[in-house]
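Novice: Any chance you could fold what I've pasted below:
(one chain, ligands or ions: 1)
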Amino acid sequence: MESVNGDSKVNSVETPEVVLKYSIPETLRRPVLIRSRVLMSAGPATPAARVTEVLSKPIMGLHNAETYQIMDEIKEGLKYFFQTTSPITFCSSGSGSSAMETVLINLLEEGDEILIGVIGSFGQRAVDIATRCGAKVRVLESKLGTSLLYEQIRAHVETHKPKLLFLVHGDSSTGVLQTLHNIGDVCRRNDCIFIVDAVSTLGVVELCVDAWKIDAAFSASQKTLGAPAGLAPITFGPRAWSKVLGRKTKVKSYFFDAVLLSKCWGCTDEPRFPHHTISAPILYGLREALADIIEQGTEGFRQKHLDNFQYLCEGLQAIGLELFVEKPEERLPTITSVRIPHGVKWPVVSDYLMQRYSLELSAGFGITEGLIFRIGILNANATHQKVDFVLRALYDGLKTTSNYIAPRPKIYY
Ligand SMILES: Cc1ncc(COP(=O)(O)O)c(C=O)c1O
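Specialist: Residues are numbered from 1 along each chain as shown. Coordinates of the predicted model:
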């Protein structure tokens, strides 16, 4: 070090004291411990064996013909699941929230008016994203545990003439299902772009993007589709896409820029653009997850979810539990919300279920935290055997950890 001391220049060499601030984390010297479990949470789903198997296949680079082939097969599968012919169908890399963000930030410009239907926390998340985009956000909120009525939505669209309408098809935070019938017609008559969040419904609850005049829709790989989280399917129809292409301002995200993503996925005639590195195992997983549902038959797949959902609801009521959503037609068949009985501490029950049964269910989320718990019947877990297991474990868990006095139906004890 050189120091200046009055007129005299002194050179001195100091040995720096070596302080070992960072030590090797001892935990990383051991193999990771992942307990096997019965995953009946609000998502992710347990992947089918075929999906788990493909995850360990050799990693390929993104820009080669074999990877493009897999991406193309995923696109074709997604078009079928969304029931659309739109070529602008691809995935963002991330969970369902990444798709929500991609759709909203690409469709919204500063000052655009958007009407957002809120039937749970995920509608609120859309409000948050749209507000960050500088949009004028109008919220139409249902009473907790219920969906919005067609008449309410129609009246709001006709009166306020928003440029965009955002509805959640099924909100996993409340377990509420929103009917979408005829809303697309209302939007077309009022020059409004219709966006649907199908994260918790795609593949199980009927959704016909083209026939229902939906302009943009999105989902996630890890719920009903049964792949690991990490890819989020998105489709833009012609009206939505022309709004994206006609933006006055550049979208303020590189990673979620829909035009770049569409080029990465080869949705247009332009050469593929190496926008970002997509996780190869998740691509394989989603490809196989879609193929697995197609092999089962999409109708059979849907029906087995509906049957098991019905079976679960009956079983829950038989042990004295109250479904959070009162009207059967407003219940989301993939994720069932159940009121926490008076005096029951859900975290205690939940711990017991994990320790005793290796069973993972979900607590409430956002606006339903402390009010409900949630059971997912997703993909490979849509079986009577799994539902029986959950009911027996729950019955025992409630009895053992609290003063809950449940009826004693024969099959559950
Ligand atoms: C309707 C809905 N939208 C969005 C999301 C967010 O998805 P993710 O958790 O995959 O980001 C969820 C998650 O449960 C959801 O149910």
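
Novice: For the longest helix belonging to the chain, buried residues please.
Specialist: When the chain is parsed with DSSP state H, its longest helix is helix 298-318. Using 16 or more other Cβ atoms under 10 Å as the burial criterion, the residues of helix 298-318 that qualify are 301-302, 304-305, 307-309, 311-313, 315-316, 318. All C-beta atoms are positioned from the backbone trio N, CA, C, and that covers glycine.

Novice: List the contacts of it.
Specialist: 80-81, 203-206, 224, 293, 323, 328, 331, 333-334, 336, 338, 375, 377, 382-384, 386-388, 390-391, 394, 407, 409, 412 (Cβ atoms under 8 Å, 6 or more residues apart in numbering).

Novice: what helix or strand does residue 187 sit in?
Specialist: helix 183-189 (DSSP states H and E).

Novice: Distance from that helix to the middle of the chain?
Specialist: With Cα atoms, centre = their mean, to the nearest Å as the basis, helix 183-189 stands 25 Å off its chain's centre.

Novice: what lines up beside the helix or strand that that helix is followed by in the sheet?
Specialist: Note on helix 183-189: by DSSP H and E, the next helix or strand toward the C-terminus is strand 193-197. For strand 193-197, the pairing partners within the sheet under DSSP bridges are strand 164-168 (parallel), strand 216-218 (parallel).

Novice: same question for the last one, mean pLDDT?
Specialist: In this case it means strand 216-218. Mean pLDDT, computed over strand 216-218, is 99.

Novice: Likewise for stretch 270-278?
Specialist: 94.

Novice: again with stretch 300-313
Specialist: On average, stretch 300-313 scores 98.

Novice: Distance from the chain centre to that stretch, please.
Specialist: With Cα atoms, centre = their mean, you get 20 Å for stretch 300-313.

Novice: all helices of the protein, in order?
Specialist: 49-54, 65-82, 96-107, 121-132, 150-160, 183-189, 238-245, 258-264, 280-296, 298-318, 346-357, 384-401.

Novice: Single out the most deeply packed of the ones you listed.
Specialist: With neighbours defined as mean count of other Cβ atoms under 10 Å, these peak in mean count at helix 96-107, which reaches a mean of 25.

Novice: ok and that one relative to helix 238-245, angle-wise?
Specialist: 70 degrees (axes from the mean of the first three to the mean of the last three Cα atoms, to 10 degrees).

Novice: between helix 96-107 and helix 121-132, what angle do the directions make?
Specialist: Using the same axes, to 10 degrees: helix 96-107 against helix 121-132 is 40 degrees.

Novice: and for helix 96-107, what are the contacting residues?
Specialist: The contact list for helix 96-107 (Cβ under 8 Å, 6+ apart) reads 91-92, 122, 125-126, 129-130, 133, 164, 166, 193, 195, 197, 199, 216, 218-220, 222-223, 232-234, 236, 240, 243-244, 247, 251-253, 256-259, 261.

Novice: Centre of the chain to it, how far?
Specialist: Relative to the chain's own centre, helix 96-107 is displaced by 12 Å; criterion: Cα atoms, centre = their mean.

Novice: dump the residue contacts of residue 93.
Specialist: Here residue 93 is in contact with 230-232, 255, 276, 278-279 (criterion: Cβ under 8 Å, 6+ apart).

Novice: Look up the residues forming beta bridges with it.
Specialist: residue 231.

Novice: Understood, closing this out.
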